[in-house]
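S.K.: Based on what follows, work out the 3D shape:
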Amino acid sequence: MKLFSLKIVQVGLLAFFIFQAGCSRQIRPEVIGPTHLEEGLIAYEQNQWDEALKQFDAALKLDPQSTEALFRRGVIFQKQNKIDDAIAAYREVVRIEPNHFKSHHNLGNLYSYEKGNIAQSIFHYRRFLDVAPTHPLNSRTQVRLTELTGTPDEKLAHGKSTLEGEPQSDIHLTGELMPASQPPLPAAAPAAPLAVLPVPALRVPAAAERNGGSFPQVVCVVGETARGKIEGSGFIVGPGYVLASGHETNQSSRLAVQFQDGSIHPATLLSVSSALDLALLQIPAQETPSLPFGNANSGRVGEPVLAVGCPFGLNHSASQGIISAPERMLGDRPLLQTDVAVNPGNSGGPLLNKQGEVIGVVLGMLPEAHGIAFAAPAREVKRFLGETFFQMGTLLAEAKRYPEAADLLLQSTQFWPQSAKAFNNLGEVYRRTQEAKKAEQAYLKALEINPKYADAHYNLGAFYDGLMRNPKKAAHHYRKYMELKPASPDTAQIGQRLAAIEGTGVKP
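M.R.: Numbering: from 1, shown residues only. Next up, the predicted model:
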């Protein structure tokens, strides 16, 4: 009887699983018909735009990350001359898939021909050329890019070039530059004032003392993702610029920052580094000063520190601790180890020394550990900022927005004083605006940092040859360029210039 009952149970279970499997087969998408995306693509091929949009919208409700649906929506909007809607759709595609070359190409065209935004069009055309170097549209894109940037003799260095002493990086611009006139969002209820815990060895910075023991430079960062709302921290690093954590802001479709007084401002993601887990945001310029960075490469073991941020959405909270290890390598990343209490939402906030200087940016804690948290060292943070401001300044220089380019390149040299390419491009911007003394100083600084920087010699040669009318110095730098780049396609032209100089009777 027991054996019989057992067989009944076994048969029953087998029937149950077969039934479940059958049910499972019945609900598979390929059995019940085309998906919304497939229906949208069918309608798209038949030029039934309204039906296609309807199906793509339905597909995106199920999968907000569907770049195919987003891209096709952009194409339809572009065909319907809904330019802003098309740009928004393409932008969402490249936010999800940064190397989506079709979207970059279409954005380049829209910004170039429809919006007249040269900086944005240059950025997207360059991204298209970078990620699709063999595409049939490359030659036409290069012609348009040359029309937008011109063909000056002098050379601008571009991002991620590997000059001597400058490491490779994964720092990428997003191509977004927020209009300065964008209005702030309505103010929220005032945040609770920051309570700085009394620490005998930790002096609250003078800036905080003047503000009632608070840090007005620290902000809370909020955003929306497909998974829901994200919360983090950040702080002001320049007029209208906020440094924040990269791992969540990079996935957010809508960002804002909240100051300690409760005011909320829209934020735009400008640059991100996945390796450093850092991001730079832009907000409408505020009067709030920047937090200063410390000069030391890293903290010292036992040095008291203070982390300020927004853990669990608790606006502007502070926690204290010490540096546990000043430079610990995790993989290929140098990190500061600290015992400061770090919780979700602290990422992106500053780690301050007793002088109130930033010595690191909070990244997170070690899972299942107590009293072990990590921060990106100030040295790496400053390099990220320097490279980002360099790339943005170079982009605006190509777009002939020289005053803005000069401001950004100056910021780059302040965060990244050992970057030859930043000083080279700053010199080139000053040359184009006829600021001869500043141009010469910047070019010479580039060569002081890296005497073998061939393009800086080229630029100085052209500078002395043209603007300064000093053939002797021009010839010297022309020759240096030819020595350093003998196989360059510019060598023949430089040789002609040298011959012209020597033909004037001046002996270089």
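
S.K.: longest strand in this protein, by residue count?
M.R.: For the chain, the strand with the greatest residue count under DSSP state E is strand 317-330.

S.K.: That one: partners in the sheet, and parallel or antiparallel?
M.R.: Here strand 317-330 is paired, per DSSP bridges, with strand 304-309 (antiparallel), strand 333-338 (antiparallel).

S.K.: can you pull the pLDDT of Glu435?
M.R.: Listed pLDDT for Glu435 reads 96.

S.K.: What of the one 5 residues further on?
M.R.: Here the pLDDT value assigned to Glu440 is 97.

S.K.: Let me know how buried it is, in neighbour terms.
M.R.: For Glu440, the count of nearby residues is 19 (other CB atoms under 10 Å). Placement of C-beta: from N, CA and C, glycine included.

S.K.: That one against Gly427, yeah?
M.R.: Yes: judged on CB atoms under 8 Å, Glu440 makes contact with Gly427 at a distance of 7.4 Å.

S.K.: Where among the strands paired with strand 317-330 is average confidence lowest?
M.R.: strand 333-338 (a mean of 87).

S.K.: Flag every buried residue along it.
M.R.: Buried residues in strand 333-338, counted by 16 or more other CB atoms under 10 Å: Pro334, Leu335, Leu336, Gln337, Thr338.

S.K.: And stretch 310-324, by the same measure?
M.R.: Buried positions in stretch 310-324, judged by neighbour count with 16+ other CB under 10 Å: Cys310, Pro311, Asn315, His316, Ser317, Ala318, Ser319, Gln320, Gly321, Ile322, Ile323, Ser324.

S.K.: cool, and stretch 75-95?
M.R.: Residues of stretch 75-95 classed as buried by neighbour count (16+ other CB under 10 Å): 75-78, 86-87, 89-95.

S.K.: before we move on, back to that, now list whatever residues contact both of Glu440 and Gly427.
M.R.: Counting by CB atoms under 8 Å, 6 or more residues apart in numbering, the common neighbours of Glu440 and Gly427 are Phe463.

S.K.: So for the chain, the centremost residue is which one?
M.R.: What sits nearest the mean C-alpha location of the chain, by CA atoms, centre = their mean, is Ser271, with 0.7 Å.

S.K.: what about it, helix or strand, and which?
M.R.: Element membership of Ser271 [criterion: DSSP states H and E] is strand 264-273.

S.K.: which element follows that strand toward the C-terminus?
M.R.: Taking DSSP H and E, what comes next after strand 264-273 is strand 278-282.

S.K.: Run me through the strand neighbours of that next one, direction for each.
M.R.: Paired neighbours of strand 278-282 in the sheet (DSSP bridges): strand 241-245 (antiparallel), strand 264-273 (antiparallel).

S.K.: and the ones you listed, which is most packed in?
M.R.: Highest mean neighbour count of these: strand 241-245, a mean of 27 (counted as mean count of other CB atoms under 10 Å).

S.K.: Now do the following helix or strand past it: which elements does it pack against?
M.R.: Downstream of strand 241-245, the first helix or strand assigned by DSSP H and E is helix 246-249. When contacts are defined as 3 or more CB pairs under 8 Å, 6 or more residues apart in numbering; DSSP states H and E, helix 246-249 sits against strand 218-225, strand 228-238, strand 264-273, strand 278-282.

S.K.: In CSV: those, plus distance to Val342 and mean pLDDT.
M.R.: Shown next, in CSV, are the helices and strands packed on helix 246-249 (distance: least, CB to CB, whole Å; pLDDT from 0 to 100):
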stretch, distance to Val342, mean pLDDT
strand 218-225, 15, 90
strand 228-238, 10, 91
strand 264-273, 20, 93
strand 278-282, 16, 95
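
S.K.: Adding distance to Ala500 as columns, could you present those in a markdown table?
M.R.: As requested, the helices and strands packed on helix 246-249 are exported to a markdown table (distance: least, CB to CB, whole Å):
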| stretch | distance to Ala500 |
| --- | --- |
| strand 218-225 | 57 |
| strand 228-238 | 44 |
| strand 264-273 | 43 |
| strand 278-282 | 45 |
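
S.K.: Out of those strands, which gets nearest to Leu444?
M.R.: Leu444 lies closest to strand 228-238 among those, at 25.9 Å (CB to CB).

S.K.: buried sites along that closest one?
M.R.: Of the residues in strand 228-238, those buried (16+ other CB under 10 Å) are Ile230, Glu231, Gly232, Ser233, Gly234, Phe235, Ile236, Val237, Gly238.
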